[in-house]
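1. Task: produce atomic coordinates for the following.
(2 chains)
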Amino acid sequence: MDRVKKIAGGTIFLSGLVLILILLSALMTPRGEVYNIIDVEKKTSYFSKEAKDTIDVIIIGDSETYSAFNPLQMWKEQGITSYVCGTHAQRLCDTLSILETSLETQSPELVVLETNCLFRYAGVKPELSDRTLYEVSQYLPVFKYHNRWKQAFSVMNPTEQKKLEKEHLRKGFKLRTDVVPYTGGEWMNESDKRKAFGEKAEEYLTKIYELCKKQDIELVLVTTPAPDNWTYAKHNSVSDWADENDVKYLDMNLNVNEIQIDWAKDTRDGGDHLNFTGAKKLTAYFGSYLKDNFDLTDHRQDEIYSSWNEDLKNCGMKF
Amino acid sequence: MSYHLMDYFAFFLPVVLIIYQLVPQRFRPVALLMANYAFFYMISGPLVVYMLFSTIFTHYIGLWLENVSLTAEVEGKALIMKKRKVLVFGIAISLGILGVLKYFNFFGQTVADVLALFQVNFVYEPIRFMVPIGISFYTLQMISYITDVYRGTQKAEHNLLKIALYLSFFPTIMEGPICRYAQVGEELYAGRSITFENLKFGYQRIVWGLFKKIVIADRLYATVSHVFDNYRDLDGSVIAFGVVCYTVQLYMEFSGCMDIIIASGEIFGVKLPENFRQPFAAKDASEFWRRWHITLGTFFKDYIFYSISLAKPVKNLAKKVKEKLGRNVSKFVGPTIALFGVWSCNGLWHGANWTFIFYGMYYFVLIFIENITEEPVQKLAQKWNINRESSGYRMFQAIKMFFIINIGELFFRANTLQDGFAMLGKIVTDFHISELLGKLSSLKMDVADLVVVAIGIVVVAIVGSLHERETKIREEIAKWVLPVRWGMWYAAILAVIMLGAYGTGYSIVEMIYAGY
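-> Predicted coordinates:
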């Protein structure tokens, strides 16, 4: 009798626990398939503060984007409104999620996708170090999204808030002035080799492409100069996909002389990311490219966009 | 596979428990041994042959020692010498394997560095050895068994399966505790049924261990790494904060994993020795080491300290010193030489790095000073009427220990010895508290992390003080009325799940001591 009582007690206790976890899972699960929910929510919550239908170009991808593209400079030089929706080590599943949320408030002309993220795993699956945790989190997503409670605390961190506000004012660009030169040689030696996309990358890229097509937005693929992570084999693979799908592709690794990148001064980490001076040169080049190749309106004289001039004054950057 | 991963406590352990419970009692030791080897294989693959060899070798040396005693035609000193040869051979092979795998490159590089001082050009190319998991731990268990058989405090075990279980028990293989054969040998072989009580109490302690490891220790990992890797760009106050974070991380991580390990043993009905006993409540460095990594300390005490202090040359030296300088000096000779041996081994055991050797010497000096000043301090306290049990004096001791422990951990964690000194230098000469307050957000830690860590430390401190009063917490909770009791355990489990530093944004932090 005692044994039956103990087994029944244990079973009820565990059932109660599972029930609580199911309820918490329902509470914590975001919509859509997301990997890094904290970064995605941070980005989309700030992006949604932009006035409705005022952004013409959404730039998206990983850390290459917020290191290289400076929207306020592009505004000053070309009158194009853009916003960097890139996040650290962004996976394409998160790219798609950010894009879906962004398109609820904005109707851009272009979506510019930086291609570095095509070469990493693109799905929501976490690192496989704990297989059981992964399997359990498939049924009880609270194990995947439990960290969301931390966002409630972010308002209590004025320094972090200030940093994010500043980043938002700069339309997603992160100002980094460190200099660690790239000292290696030429990295874009022409070849026929192909480097395969990361697992699931093509699947998500197609979803992004179809989403843009459905909303009548042009998708453009770009690669920022980065000798530390880019190769001709990667270039070939992206070119192949772009040709197959009739998508424009600009690989700026092939135009570094034209952009006038100085690897002794323009990178913050030895050729993986550009710094502020590198971004300045790249943005000038890319702004002209957009102006020359797409029918984008110059909004500088438009009253509705006057806040951009205010942001330009307050951004603490000189171009 | 690590003890704090779901792969272990929610998959491997339950599967083993079910199989173990289902097989008849007489086959349970075999089932457990298969689980041990499966666990070892999952981490170290074919290096499991090291474990196999060590088991057969240990078993053989035990039998050899017994055989020498039983068949010897000699007695007294001659017999001891004969047995000693077997003991030395057994220890030399055990330590030899460990030495080659863990220290060969260190000594190779040291030789090259020394030769360079004499302008001899010798470049040492490090050899990449594959090191099996837990070798530092199970080697000490081999030595303790062989020595105990030699000393006659342990009978040689004839059953190879028992030795195999003793050396490879999967909960202890990665981080200890370092067990004696007499403590666990028979229990491991008994094949007792798993009881509901053991299962319940075991998993309760696993939750507690996970709380310390995942909620507190892993949350501090990024900050600690950032500070120790970038100290050159940081203010002394920020470095000091990082060092304290490391001390907390190391304690929560090691003692948390130990909770999971001891709880796993408890479920099988095996009482593993405790490795921690509220170390931060220690009054001095000696007591700290009787409360921190206890099984390592007792190993060194039993097998090194006594062996050295009772060795003939040491005794002779003490005698000579007594003749020349008197008893007040000579009484320190034996213990000090033994202490030096213990702390040299302690430092080296942690790894082939000068930081660890310095760490060992640091505690050697501190404990040596404590030993020689104990009597004068006691006399002074009496003379000046200072109550050494008063709260004021306890506070003084707590502050002293705070500095002693943290400075030790600074060198223990520093990337190099030079880095350790440079960090300490910055703390002393470049300390601006305002810098710390301004930099908190850039230390890979946000307000939420700080709040969780602070609450976690308070909870662990409360539990620690209850343990200090010898309260059996789980037994006490078991007496609570059901709704309150269940509510408490639901809250504990949910705290681990919701507040744990795992998943996206956090990297899995491997167990620190599994690397030693």
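2. Quick one: low-confidence residue ranges for the stretch 151-300 of chain A.
-> A:152, A:154-157 (pLDDT under 70).
3. how about whichever residue of the stretch 151-300 of chain B sits closest to chain A, phi and psi?
-> Proximity of the stretch 151-300 of chain B to chain A (C-beta to the nearest C-beta) peaks at residue B:196, 4.7 Å away. (Glycine included, C-beta is placed from N, CA and C.) Main-chain torsions, residue B:196, degrees, to the nearest 10: phi -60, psi -40.
4. what's around it, how many residues?
-> When neighbours are defined as other C-beta atoms under 10 Å in any protein chain shown, residue B:196 has 14 of them.
5. what does residue A:316 give?
-> 9.
6. repeat for residue A:153
-> 16.
7. SS state for it?
-> Counting by DSSP: H, G, I helix; E, B strand; the rest coil, the backbone at residue A:153 sits in helix.
8. now it: how far from chain B?
-> 4 Å (C-beta to the nearest C-beta, to the nearest Å).
9. Might one say that that residue is in contact with residue B:446?
-> Yes. Residue A:153 lies in contact with residue B:446 (C-beta atoms under 8 Å); the separation is 6.8 Å.
10. can you tell me which residues contact residue 146?
-> Answering for chain A, as no chain was given. Listed by C-beta atoms under 8 Å, 6 or more residues apart in numbering or on different chains, the contact set of residue A:146 reads A:24, A:28, B:497-500, B:503.
11. switch to chain B, that's the one I care about
-> Taking C-beta under 8 Å, 6+ apart as the test, what residue B:146 contacts is B:58, B:61-62, B:65, B:87, B:90-91, B:94.
12. rerun that using 10 Å as the cut-off
-> B:57-58, B:61-62, B:64-65, B:86-87, B:89-91, B:93-94, B:154, B:156, B:181, B:303 (C-beta atoms under 10 Å, 6 or more residues apart in numbering or on different chains).
13. secondary structure element for it?
-> Counting by DSSP states H and E, the element that carries residue B:146 is helix B:135-151.
14. For chain B, what is the nearest residue in the stretch 201-319 of chain A?
-> Closest point on the stretch 201-319 of chain A to chain B, by C-beta to the nearest C-beta, is residue A:269, at 13.8 Å.
15. What is the burial count for that residue?
-> Neighbours of residue A:269 (other C-beta under 10 Å): 18.
16. Wasn't it part of a strand?
-> No. Residue A:269: not assigned to a strand; according to three-state DSSP it is coil.
17. so residue B:136 makes contact with residue B:176?
-> Yes. If you go by C-beta atoms under 10 Å, residue B:136 and residue B:176 touch, sitting 8.8 Å apart.
18. Tell me which of the two has more neighbours.
-> The residue with more neighbours, out of residue B:136 and residue B:176, is residue B:176; 29 against 22, by other C-beta under 10 Å.
19. Grab the nearest non-local neighbour of that one.
-> residue B:137 (4.8 Å; C-beta to C-beta, 6 or more residues apart in numbering or on different chains).
20. mind checking how far the one you found is from chain A?
-> 23 Å.
21. Check residue B:390 too.
-> Residue B:390 is 40 Å from chain A, by C-beta to the nearest C-beta.
22. can you give me the strands in the stretch 101-250 of chain A?
-> Applying DSSP state E, counting those that start in this stretch to the stretch 101-250 of chain A gives strands spanning A:110-114, A:218-223, A:248-251.
23. just checking, what packs against the last one?
-> So the one you mean is strand A:248-251. For strand A:248-251, the packing partners by 3 or more C-beta pairs under 10 Å, 6 or more residues apart in numbering or on different chains; DSSP states H and E come out as strand A:110-114, strand A:218-223, helix A:232-244, helix A:276-293.
24. Just the C-alpha atoms of the last one, please, in CSV.
-> Translated: helix A:276-293. C-alpha atoms of helix A:276-293 as CSV (Å, rounded to 0.1, in the frame of the first residue of the first chain):
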residue,chain,number,x,y,z
PHE,A,276,34.1,53.5,-38.7
THR,A,277,36.5,54.7,-41.3
GLY,A,278,36.0,51.6,-43.4
ALA,A,279,32.3,51.9,-43.0
LYS,A,280,32.5,55.5,-44.2
LYS,A,281,34.1,54.5,-47.4
LEU,A,282,31.9,51.5,-48.0
THR,A,283,28.7,53.4,-47.3
ALA,A,284,29.7,56.2,-49.7
TYR,A,285,30.3,53.6,-52.4
PHE,A,286,27.2,51.5,-51.6
GLY,A,287,25.0,54.7,-51.5
SER,A,288,26.1,55.5,-55.0
TYR,A,289,25.5,52.0,-56.1
LEU,A,290,21.9,52.1,-54.8
LYS,A,291,21.3,55.5,-56.4
ASP,A,292,22.6,54.3,-59.8
ASN,A,293,20.9,50.9,-59.9
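25. still on that earlier bit, how about the residue of the stretch 201-319 of chain A closest to chain B, what does it touch?
-> Listed by C-beta under 10 Å, 6+ apart, the contact partners of residue A:269 are A:63, A:67, A:176, A:178-182, A:226, A:228, A:275.
26. Would you point out the most distant pair within those?
-> Farthest-apart pair in those is A:63 and A:181; separation 18.8 Å (C-beta to C-beta).
27. more crowded one of those two?
-> Per other C-beta under 10 Å, whichever of residue A:63 and residue A:181 has more neighbours is residue A:63, with 19 against 15.
28. Okay then, goodbye and thanks.
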